[in-house]
Each structure stands twice: as C-alpha cells, then as structure tokens.
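Undergrad: show me how the following folds:
(one chain, ligands or ions: 1)
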Amino acid sequence: MAHEDGFIPLKHFQEYPADEMNQRARSFYEEIRRRRTVRDFTDRPVGREVIENCLLAAGTAPNGANLQPWHFSVVENPSIKSKIREAAEKEEQEFYNGKAPQEWLDALAPLGTDSNKPFLEVAPYLIVVFSKTHDNRSDGKKVKHYYASESVGIATGFLIAALHHAGLATLTHTPSPMKFLNEILGRPSNERPFLVLVVGYPSNEATVPAISKKSLDEIAKFH
Ligand code: IYR
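TA: Model (predicted):
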C-alpha cells in the first residue's frame, strides 16, 4: 500500500515471443481444462502453506477501486466443520424437498447432487468466501465498496485456479440461504457469504459427471 498516492513504473509485465505466447496460452488451457468439480473427498491433510499462497494469489485479483472487498474464513477445525455441515444440510433438505422449482432440480439432475453433504466434514479445508458490502473504519466511517460481487467472483476464480494449479481439488458449494455462516464463523453483518469452497484430495473412488464444455463458437464471437 506504500504507493497508493502515486505511481510507479510497471516493472513486472512479461512479454513473450509470439510462438511462446501461443504455447503458454495453449498449455494454460490444457491445465485448466483438467479441473473438475469434485464431490467425493478424503481426509488426507494438506499443508497450510499451500492454502496461504493460494489465498495470496486470490488477493491479487482486480477489484473495484482496490478496496479488496473480500474475506476468506479458512476452516480446519472439525467441530466448526460439523456445525457448517449440519446447518448446510438443513438448508439443502428444504431446497431439494420443496423450495427448488422442478426446472432447477431438472437442471441439477445430470450432476447427481442431493442434500447430503459429507464433504463438508471430510475435506481438510473449507474456505468460506465473504463479500464485504462496505468497510467499517476504525474512526466510525463507512467506506462503500464498488462492484463487490464482481470483485469477489474474480478473486474466487483466481483461488480455484490457484488451488487446481497446486494439485488440489475443489468444490464450489452454495447452500442457500447462507446467513448461518456469519453466525458460526463470527463474521460481521457487512460481510455476506459468497460461497463455500471445499478443498482437498479427491477420494480414490471419486467419479465426475460425464458433461462437456461448450465449443469456442458457442461461447464467443469475434467482431
Ligand atoms: N446448493 C445446492 C444445489 C446446487 C445448485 C447448483 I446451480 C449447482 O451447480 C449444484 C448444486 C447443492 O449444493 O446441492
């Protein structure tokens, strides 16, 4: 934050020869396309340092007015995980048994999800991502945040990519509503739960749905 009031030369931009640029883009795609959302985890431990560096990577995300409107609650404690599982499953039971419209349940059918969320207790880490609508400064002033959802979404994307790059599996989990996470984790009311990222190693028997991604033509058009 030392240069907030001024400008410094752009030092770390890296240019590559065209061939190398192509190769890098292709190999990044090859790596990121291997990422799959996993729902079956083991309790195999993961070192904290990996998680810390992935969080630092997430914290570099572009964001509104550099106000960095995020907070990451990293849960390792088994009894906190149990509380989260219990509260999330309660919400999910309501979702799957009445609250969700049939159209939504039909869209989820290929993923094979249900209200049972054992991974919330099994995986070594739950990273609960919070989006801060504003900051309460120590002088009592409220500082409004801009584009908080967009900013936190980008940071979460960085986090997922960083964890995958490090060799870990993730699951983006979105119990709804998620207010219980503020209570369990003691987070203030200016922080809204954005999603829960389940992090760890997949179990040996883990399977993933046979789904595919849209083609370039379907997702993009050059003008
Ligand atoms: N939150 C529920 C339902 C769910 C919704 C979407 I959209 C998904 O892509 C997957 C699940 C659950 O976690 O089961």
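Undergrad: do you know how far the residue of the chain found nearest the ligand is from Val129?
TA: As assessed by C-beta to the nearest ligand atom, the ligand sits closest to Thr113 within the chain, at 4.0 Å. C-beta: built from backbone N, CA, C; applies to glycine. As judged by C-beta to C-beta, to the nearest Å, Thr113 and Val129 stand 20 Å apart.
Undergrad: and for Pro118, the neighbour number?
TA: Residues contacting Pro118 under the criterion other C-beta atoms under 10 Å number 12.
Undergrad: in the chain, which spans are helices?
TA: 18-33, 48-58, 78-94, 102-108, 119-122, 148-166, 180-185, 216-219 (DSSP state H).
Undergrad: elements contacting the last one?
TA: Taking 3 or more C-beta pairs under 8 Å, 6 or more residues apart in numbering; DSSP states H and E as contact, there are no helices or strands that helix 216-219 lies on.
Undergrad: any residues touching that helix, and which ones?
TA: Where contact means C-beta atoms under 8 Å, 6 or more residues apart in numbering, no residue beyond helix 216-219 reaches it.
Undergrad: equivalent analysis for the first one, please.
TA: Applying C-beta under 8 Å, 6+ apart, the set of residues contacting helix 18-33 from outside is Tyr16, Ala161, His164, His165, Lys213.
Undergrad: switch the residues you listed over to TSV; also include neighbour count and distance to Val46.
TA: As requested, the contacts of helix 18-33 are arranged in TSV below (neighbours: other C-beta atoms under 10 Å; distance: C-beta to C-beta, whole Å):
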residue	neighbour count	distance to Val46
Tyr16	11	32
Ala161	18	17
His164	17	13
His165	14	14
Lys213	8	27
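Undergrad: residue contacts, the closest residue to Val122 other than its chain neighbours?
TA: Leaving aside its sequence neighbours, Val122 sits nearest to Phe41 (C-beta to C-beta, 6 or more residues apart in numbering; 5.0 Å). By C-beta under 8 Å, 6+ apart, the contact set of Phe41 is Phe119, Val122, Ala123, Ala169, Leu171, Val198, Gly200, Tyr201, Pro202, Ser203, Ala206.
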